[in-house]
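In: I'd like to go over a predicted model; first the sequence, then the structure.
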Amino acid sequence: MQMLDTKLGACVKSIISKEGVKSFYKGVYSPLYSVPVINAIVFGAYEMARRGLMGNSEADMTLMQGNLYFSIMVLIHKRNDCW
C-alpha cells in the first residue's frame with residue numbers, strides 16, 4: 001500500500017505495533033458520556049428561555065428574542081468550558 005510508505009502511515013503502523021488498535025480510541029469515553037448531558041442541559045435551557053420569552057405560544061421567535069436566547073446559550077456553553 002502506498003499510504004504505508006508515508007510519514008502518516010509509518011506513524012499509524014508504529015502506534016498499532018506499540019499500543020494496539022485500541023489506542024486510537026483513548027479518550028473517546030469522556031465526550032461520549034458528557035456531550036449528551038450538555039446537550040440535554042442546553043435543550044432544557046432553550047425551552048425555558050423560549051417559554052420565558054414567548055409564554056406557551058408555539059410561534060417563532062423574533063430576531064431580538066433569538067439574539068437574547070443565543071446570548072444565554074453562549075453563557076451556558078462558556079460555563080461548561082470551565083468545569
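Out: Yes, it's here.
In: show me where the protein dips below the pLDDT cut-off.
Out: Within the chain, the stretches falling below the threshold (pLDDT under 70) are 1-5, 56-58, 77-83.
In: could I get the full set of helices for it?
Out: Counting by DSSP state H, the chain forms helices over residues 7-19, 29-54, 63-81, given from the N-terminal end onward.
In: need the ones you listed in JSON lines (columns: mean neighbour count).
Out: Glycine gets a C-beta too; all of them are placed from N, C-alpha and C. As requested, those are exported to JSON lines (neighbours: other C-beta atoms under 10 Å):
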{"stretch": "helix 7-19", "mean neighbour count": "11"}
{"stretch": "helix 29-54", "mean neighbour count": "12"}
{"stretch": "helix 63-81", "mean neighbour count": "12"}
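In: how much space separates the residue most central in space within the chain from residue 27?
Out: Centroid check for the chain by C-alpha atoms, centre = their mean gives residue 35 as the closest residue, at 5.3 Å. In this structure, residue 35 and residue 27 are separated by 13 Å, where distance is defined by C-beta to C-beta, to the nearest Å.
In: so how far is residue 28 from the residue nearest to the centre of the chain?
Out: Taking C-beta to C-beta, one finds residue 35 at 11 Å from residue 28.
In: next one: residue 16
Out: 17 Å.
In: ok, residue 73 next?
Out: Residue 73 is 26 Å from residue 28, by C-beta to C-beta.
In: residue 38 too?
Out: Residue 38 sits 16 Å away from residue 28, taking C-beta to C-beta as the criterion.
In: repeat that for residue 22.
Out: According to C-beta to C-beta, residue 22 and residue 28 sit 10 Å apart.
In: just residue 67 next, same as before
Out: Residue 67 is 35 Å from residue 28, where distance means C-beta to C-beta.
In: same question, residue 47
Out: Per C-beta to C-beta, residue 47 is found 29 Å from residue 28.
In: ok, residue 50 - contacts?
Out: By C-beta atoms under 8 Å, 6 or more residues apart in numbering, the contact list for residue 50 reads 61, 69.
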